[in-house]
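Student: After the sequence you'll find the predicted model.
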Amino acid sequence: MLFSSNVFLYFYLPIVLMLYYLSPRKLRNLTLFVVSLIFYGWGEPVYVVLMVATILLNYVFGAWVWKRKAQQKSAKAVLAAGIAANLLILGFFKYAGFVMESLQAVLPFLSAVKVPEITLPIGISFYVFQSMSYIIDVYRDDAPVQKNPITFGTYVTLFPQLIAGPIVRYADVAQQLQSRRENMTKFASGIRMFVVGLAKKVLLANQMGALWQELQAQPGTLGAWVGMAAYALQLYFDFSGYSDMAIGLGRMLGFEFLINFDYPYISKSVTEFWRRWHISLSTWFREYVYIPLGGNRKGIKRQILNLLIVWGLTGLWHGASWNFLLWGLYYGILLILEKVVLLKVLKKTPAVVNHLYTMVIVLLGWSLFYFEDMGALGNFLAKAFSLSATPVTGINHILAYLPLMLVSAIAATPAGVLAYRKIREKSWGQYAAIGVCAVLMLLCVAALVSQSYNPFIYFRF
């Protein structure tokens, strides 16, 4: 089920809110657990069984780790078993086919083996990572063990962030699962956040995606670079829009999730970009992979190795394809170069140069992210650097979308939020904010009537 669908907006969400607020406080987690399973099962009912099995598995491992805390070695062994079990689930559904195809490419005698067609469960990368964060947080004493399986199930299945994040660490919401307090101020803030996220998806991301699709088929250097910029904007508004909607829905239910995007396209280095983009994923890998590997505490050589491992895994997390692995290593190498040399140089260069450098790196990175076929990637990059002319049809597409592209570029900066805060300070500001939200909602509804099915990009991860 999509947040940006009429079924969700006019059927599922109103019923869920009604059931939630009519439920006694002690039963609200149970209500959320049930409606979240319905939300997930709406599109993939067969995989509800897998999700419930994952919940029970990690609930048992969490309790087991907690009981073994007095024996450090024993607890660590249980933790390792729990992590391995989660990775096996993720690996089977997400990487089994990719591994088999890769082996067949280098070992011809395996070519007779039929590669199984395994459907990737929606959101499995997100809820498996959240499940692992629970047993690790319990092992570290960052959060208490959860004795109520329904409460733990609510954490894993919570529908606002179930499908495409943000990845909510258990330690960040453990207290909220037990004793959150809903109020009208938080609820109203949640509505505003949700509408802004919906507008990002429906009014901006989908349109930038349409421009990207149009320009891919056009020859010419200008079309290639404008197309990459459109795809970059599509990715940002699609994913940050989902995250905003998730945060908004969480507030409506009394939860407060951490922000997942902090205007990454204003960055002046690749290092800064990754502090602002998909913050929950970067935080997860830093806390549960990079630091346990030794981080930057064991010398520069070990730090470089740790960064390459983390970014290789980050790339593979996004998909079972060589382009994602190369995309992760691409950023790993760039971050290493910045840490060792480039950041010192960037401090001495003008901000506009730093920003231009960063955006070129990011746009090229998104082309690697998009094209799973290396031949198609090579053809596209050749076009981007060929200095060839874009035909009239391509120029017409660019001109037609140019006003919306400029709006999108401005919306990807803090300018809108700063203007909103100034308006809110006025005596009439609250009414203006309500009016803006109402207009955005009407525009979204009108757009949804005419748009075809357009899922969020990160559903496939």
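Tutor: Looks like it arrived, so ask away.
Student: and the helix or strand hosting residue 396, average pLDDT?
Tutor: Residue 396 belongs to helix 392-411 when assigned by DSSP states H and E. The average pLDDT for helix 392-411 rounds to 91.
Student: And this protein, what are its domain boundaries?
Tutor: Here the domain parsing of the chain from automatic domain parsing is 6-180, 186-455.
Student: model confidence over the longest helix belonging to the chain, on average?
Tutor: Identified as the longest helix of the chain according to DSSP state H is helix 72-106. Taken as a whole, helix 72-106 has an average pLDDT of 86.
Student: same deal with stretch 344-355?
Tutor: 92.
Student: Check stretch 5-19 too.
Tutor: Taken as a whole, stretch 5-19 carries a mean pLDDT of 90.
Student: what comes into contact with that stretch?
Tutor: 1-3, 31, 35, 39, 42, 159, 249, 252, 445, 448 (Cβ atoms under 8 Å, 6 or more residues apart in numbering). The C-beta positions use only the backbone N, C-alpha and C, and glycine is treated the same way.
Student: That stretch spans what distance, first to last residue?
Tutor: Counting by Cα to Cα, to the nearest Å, you get 20 Å between the two ends of stretch 5-19.
Student: Give me the residue ranges of the stretch 101-250 of the chain where confidence is low.
Tutor: 115 (pLDDT under 70).
Student: quick one, helices of it?
Tutor: Using DSSP state H, counting those that start in this stretch, the helices of the stretch 101-250 of the chain run over 124-140, 149-157, 170-179, 184-199, 206-216, 221-252.
Student: So for residue 340, which of these sits nearest?
Tutor: Closest approach to residue 340 among those is made by helix 221-252 (26.7 Å; Cβ to Cβ).
Student: quick one: the closest one to helix 170-179, angle?
Tutor: 30 degrees (axes from the mean of the first three to the mean of the last three Cα atoms, to 10 degrees).
Student: Could you check the angle helix 221-252 makes with helix 184-199?
Tutor: Going by the same axes, to 10 degrees, helix 221-252 makes 160 degrees with helix 184-199.
Student: Can you mark which positions in helix 221-252 are buried?
Tutor: By neighbour count on 16 or more other Cβ atoms under 10 Å, the buried set for helix 221-252 is 222-252.
Student: Off-centre distance for that helix?
Tutor: Here helix 221-252 is found 10 Å from its chain centre; the criterion is Cα atoms, centre = their mean, to the nearest Å.
Student: let's have the chain start at 29 instead
Tutor: Noted, 29 is the first residue going forward, which turns the last one into helix 249-280.
Student: Just name whatever secondary elements that helix is in contact with.
Tutor: Applying 3 or more Cβ pairs under 8 Å, 6 or more residues apart in numbering; DSSP states H and E, one finds that helix 249-280 makes contact with helix 212-227, helix 234-244, helix 379-398, helix 402-412, helix 420-439.
Student: what's the angle from the second one to helix 402-412?
Tutor: In terms of direction (the same axes, to 10 degrees), helix 234-244 departs from helix 402-412 by 90 degrees.
Student: any idea how far helix 234-244 is from the chain center?
Tutor: Between the centre of helix 234-244 and the centre of its chain there are 21 Å (Cα atoms, centre = their mean).
Student: contacts for that helix?
Tutor: 251-252, 254-255, 258-259, 261-262, 265-266, 408, 422, 425-426, 429, 432-433, 436, 475, 479, 482.
Student: and with 6 Å instead?
Tutor: 251, 255, 258-259, 261-262, 425, 429, 432, 436, 482 (Cβ atoms under 6 Å, 6 or more residues apart in numbering).
Student: who touches the closest residue to residue 389 other than its chain neighbours in this structure?
Tutor: In space, and not counting its chain neighbours, residue 389 is closest to residue 298: 5.7 Å by Cβ to Cβ, 6 or more residues apart in numbering. Contact analysis of residue 298 by Cβ under 6 Å, 6+ apart lists 362, 366, 389.
Student: do the same with residue 395
Tutor: Neighbour list for residue 395: residue 256 [criterion: Cβ under 6 Å, 6+ apart].
Student: and what of residue 358?
Tutor: Going by Cβ under 6 Å, 6+ apart, the list of residues near residue 358 reads residue 393.
Student: same deal with residue 205?
Tutor: Neighbouring residues of residue 205 by Cβ under 6 Å, 6+ apart: 179, 183.
Student: ok, back up a step: redo the contacts of residue 298 as a markdown table? Include neighbour count.
Tutor: Shown next, in a markdown table, are those (neighbours: other Cβ atoms under 10 Å):
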| residue | neighbour count |
| --- | --- |
| 362 | 20 |
| 366 | 18 |
| 389 | 18 |
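Student: Burial check on residue 186, number of neighbours?
Tutor: 26 (other Cβ atoms under 10 Å).
Student: Pull out the buried positions in stretch 402-417.
Tutor: By neighbour count on 16+ other Cβ under 10 Å, the buried set for stretch 402-417 is 405, 408-409, 411-412.
Student: ok, back up a step: quick one, which of the helices of the stretch 129-278 of the chain is nearest to residue 78?
Tutor: Short answer: helix 152-168, nearest of these by Cβ to Cβ, at 7.9 Å.
Student: counting contacts, what elements does the closest one pack onto?
Tutor: helix 76-95, helix 100-134, helix 198-207 (3 or more Cβ pairs under 6 Å, 6 or more residues apart in numbering; DSSP states H and E).
Student: So which of the ones you listed is the most surrounded?
Tutor: Per residue and on average, the most neighbours among the helices and strands packed on helix 152-168 fall to helix 76-95, with a mean of 19 (mean count of other Cβ atoms under 10 Å).
Student: Grab the nearest non-local neighbour of residue 331.
Tutor: Closest to residue 331 by Cβ to Cβ, 6+ apart is residue 324, at 4.6 Å.
Student: hang on, isn't residue 273 packed against residue 187?
Tutor: No - contact criterion Cβ atoms under 6 Å: residue 273 and residue 187 do not qualify, at 11.0 Å.
Student: Need the phi and psi values for residue 418.
Tutor: The phi/psi pair for residue 418 (degrees, to the nearest 10) reads phi -90, psi 130.
Student: Test my guess that it contacts residue 252.
Tutor: No - contact criterion Cβ under 6 Å: residue 418 and residue 252 do not qualify, at 8.2 Å.
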